[in-house]
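A.B. asks: Give me coordinates for this.
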Amino acid sequence: MNNGFNVQQAAVIGAGTMGRGIVISLASAGIPVLWLDANPQMVSAGLKMAADTWAHQVVKGRISEEQAEQNLARVQAVDSYAALADVDLVIEAVYENLELKQDIFRTLDNTLKPDAILASNTSALDIDAIAAVTARPGQVLGLHFFSPAHIMKLLEIVRGAQTSPAVLEVARQLGQRLGKVAVVAGNCRGFIGNRMLKTYADEARKMLLEGALPRQVDGALQAFGFAMGPFRMYDVVGVDLEWRARQLAGQGMDSPLVQVDNALCELGRFGQKAGRGYYQYAEGSREAGHDPEVDALIERISSDLGYRRRVIDDREIVERSLLALVNEGAKILQENIADNSQDIDRVYLNGYGFPAAVGGPMSWADGQGLASIRERLERLQQLHGAHWQPAPLIARLIAAGKGFADVEGQV
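C.D. replies: Okay, here's the model as predicted:
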């Protein structure tokens, strides 16, 4: 197997937003890339976007014109899987549909040379289910880039049950070569980052139904130090992404927590790209403006679902948001999905805009003292239900006089 620094030739499947960022990352690091999409026009548009990106970097003085030309020359559009036969690494970056990804991996497995590594950019799907359709599960893993992939520093390397140590080492070295902060995660729904994000976002959505409004939730978390609050984040990434995924999967549409998102999407309020989401945006502006229509919509949905709205203060918003992250992080540590709490913090500092001055959610919890964390979780459990039950790891650490920073897993 090639040493990671000697990946001679890579390939990317998919020329959407993620595929484009990954191609730019690889080519900028000196790695030749073959680029395939079922729609060749997508690759053409992707090549133009890559050229524009490098041209912009030249204007900014980050690279020379010669480097921009070399980067573009490293990228080659291809029109068949057969053209990928000799690559050392392929990264699949199509939309989140397990059957589609499995079909692609079957074809790759049958087409690529025996020692090629097959990676998926999935943000949440089961790596083992993808690896299972191949005859080389030891050479299959997740390489979860964060959008935009050529700018965001985080790379989650997702280890399947059979991914070999040598393949993980190649992935780590590739991450280093790309200038990424690479963190190895075990295989579970959402891995480290998105698994924790779900509990955090769900809590924010619950608080909307209970009495808060988007601007208040986002304002409280931004005042704590987050780069942006959850509703501003949804506007930036697209409120419709999860909505379309729910429709595609045919499940999750009825959950009370997503009724506000559903209603926004039905009104075409897909976020910043549409000029309207949780906030409103003037033409060509990224400035999030308050929209009373959204407040009224939230209040109506909340009432229809039977909630009696109450005043929620900023302290409660921050407390519930942080403790949701910490308790899920504790479960991730307990299950050996993360090797240590520092890796969880690295994910949140580099991929999710957690305030650097605070040091990450697990470091914050250690600073609070785990006895205090447990007490606050138990209080939330009494008020809001069983999902707040403290992770068993917390009690074990308190009994041993230890913190999250003392845990070493086996990932």
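
A.B. asks: Return the distance of the lowest-mean-pLDDT helix or strand in the chain from the chain's centre.
C.D. replies: None of the helices or strands of the chain scores lower by mean pLDDT, DSSP states H and E than helix 240-249, at a mean of 86. Put simply, helix 240-249 sits 16 Å off its chain's centre (CA atoms, centre = their mean, to the nearest Å).

A.B. asks: buried ones in that helix?
C.D. replies: Buried positions in helix 240-249, judged by neighbour count with 16 or more other CB atoms under 10 Å: Asp240, Leu241, Glu242, Trp243, Arg246. C-beta here means a position set from N, CA and C on the backbone, and glycine is covered the same way.

A.B. asks: Remind me what the next helix or strand after it packs against, helices and strands.
C.D. replies: Counting by DSSP states H and E, the element after helix 240-249 in chain order, helix or strand, is helix 259-266. Identification of packing neighbours for helix 259-266 by 3 or more CB pairs under 8 Å, 6 or more residues apart in numbering; DSSP states H and E yields helix 193-210, helix 240-249, helix 292-304.

A.B. asks: looking at those helices, which is buried most?
C.D. replies: Greatest average neighbour count among those goes to helix 193-210 (a mean of 21), per mean count of other CB atoms under 10 Å.

A.B. asks: tell me the angle it makes with helix 240-249.
C.D. replies: With axes from the mean of the first three to the mean of the last three CA atoms, to 10 degrees defining the directions, helix 193-210 sits at 100 degrees from helix 240-249.

A.B. asks: what pLDDT, on average, does helix 193-210 get?
C.D. replies: Helix 193-210 shows a mean pLDDT of 96.

A.B. asks: Give me the contact list for the helix or strand containing Asn71.
C.D. replies: For Asn71, the host element (DSSP H and E) is helix 65-73. With CB atoms under 8 Å, 6 or more residues apart in numbering as the test, helix 65-73 has contacts from Ile24, Ala27, Ser28, Leu47, Ala50, Ala51, Trp54, Ala55, Gln57, Val58, Ile63.

A.B. asks: Next secondary structure after that helix?
C.D. replies: With elements assigned by DSSP H and E, the helix or strand that comes after helix 65-73 is strand 75-77.

A.B. asks: Listing partners with orientation, what would you give for that next one?
C.D. replies: strand 33-36 (parallel) (DSSP bridges).

A.B. asks: Which helix or strand lies directly C-terminal to the partner strand?
C.D. replies: Sequence-wise, the next helix or strand downstream of strand 33-36 (DSSP H and E) is helix 40-59.

A.B. asks: Give me the mean pLDDT for that next one.
C.D. replies: The average pLDDT within helix 40-59 is 97.

A.B. asks: what ranges do the strands span in this protein?
C.D. replies: 10-13, 33-36, 75-77, 89-92, 117-120, 140-145, 154-158, 181-185 (DSSP state E).

A.B. asks: coming back round to it: and the direction of the helix holding Asn71 versus that of helix 40-59, what angle?
C.D. replies: Using the same axes, to 10 degrees: helix 65-73 against helix 40-59 is 160 degrees.

A.B. asks: ok, Leu112 to Ala85 distance?
C.D. replies: Look at Leu112 and Ala85: by CB to CB, to the nearest Å, they are 6 Å apart.

A.B. asks: I meant Gln389, not that one.
C.D. replies: Counting by CB to CB - Gln389 and Ala85 are separated by 52 Å.

A.B. asks: Mind putting the contacts of helix 65-73 into JSON lines with distance to Asn340?
C.D. replies: Formatted as JSON lines, those follow (distance: CB to CB, whole Å):
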{"residue": "Ile24", "distance to Asn340": "31"}
{"residue": "Ala27", "distance to Asn340": "33"}
{"residue": "Ser28", "distance to Asn340": "30"}
{"residue": "Leu47", "distance to Asn340": "40"}
{"residue": "Ala50", "distance to Asn340": "36"}
{"residue": "Ala51", "distance to Asn340": "41"}
{"residue": "Trp54", "distance to Asn340": "37"}
{"residue": "Ala55", "distance to Asn340": "41"}
{"residue": "Gln57", "distance to Asn340": "35"}
{"residue": "Val58", "distance to Asn340": "40"}
{"residue": "Ile63", "distance to Asn340": "36"}
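
A.B. asks: Buried subset of those, written for ChimeraX?
C.D. replies: Selection of buried members from the contacts of helix 65-73 for ChimeraX, criterion 16+ other CB under 10 Å:
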select :24,27,28,47,50,51,54,57,63
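
A.B. asks: ok so, going back, the more surrounded of Leu112 and Ala85?
C.D. replies: Taking neighbours as other CB atoms under 10 Å, Leu112 and Ala85 compare with Leu112 leading, 23 against 12.

A.B. asks: What pLDDT is listed against the nearest residue to Gly271 once chain neighbours are set aside?
C.D. replies: Excluding the flanking residues, the one nearest Gly271 by CB to CB, 6 or more residues apart in numbering is Gly277, at 3.6 Å. You'll see Gly277 listed with a pLDDT of 97.

A.B. asks: So what's the residue count around Gly277?
C.D. replies: Gly277 has 30 neighbouring residues, counting by other CB under 10 Å.

A.B. asks: what sits against it?
C.D. replies: By CB under 8 Å, 6+ apart, the contact set of Gly277 is Tyr234, Asp235, Val239, Leu264, Arg269, Phe270, Gly271.

A.B. asks: so what's the second one up against?
C.D. replies: By CB under 8 Å, 6+ apart, the residues touching Asp235 are Gly271, Gln272, Gly277, Tyr278, Tyr279, Tyr281, Ala288.

A.B. asks: 6 Å instead?
C.D. replies: By CB atoms under 6 Å, 6 or more residues apart in numbering, the contact list for Asp235 reads Gly271, Gln272, Gly277, Tyr278, Tyr279.

A.B. asks: Just the buried ones from these?
C.D. replies: Using 16+ other CB under 10 Å as the burial test, the contacts of Asp235 include Gly271, Gln272, Gly277, Tyr278, Tyr279 as buried.

A.B. asks: okay, these in JSON lines with distance to Pro165 next?
C.D. replies: Output for the buried ones among the contacts of Asp235, formatted as JSON lines (distance: CB to CB, whole Å):
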{"residue": "Gly271", "distance to Pro165": "41"}
{"residue": "Gln272", "distance to Pro165": "42"}
{"residue": "Gly277", "distance to Pro165": "43"}
{"residue": "Tyr278", "distance to Pro165": "44"}
{"residue": "Tyr279", "distance to Pro165": "46"}
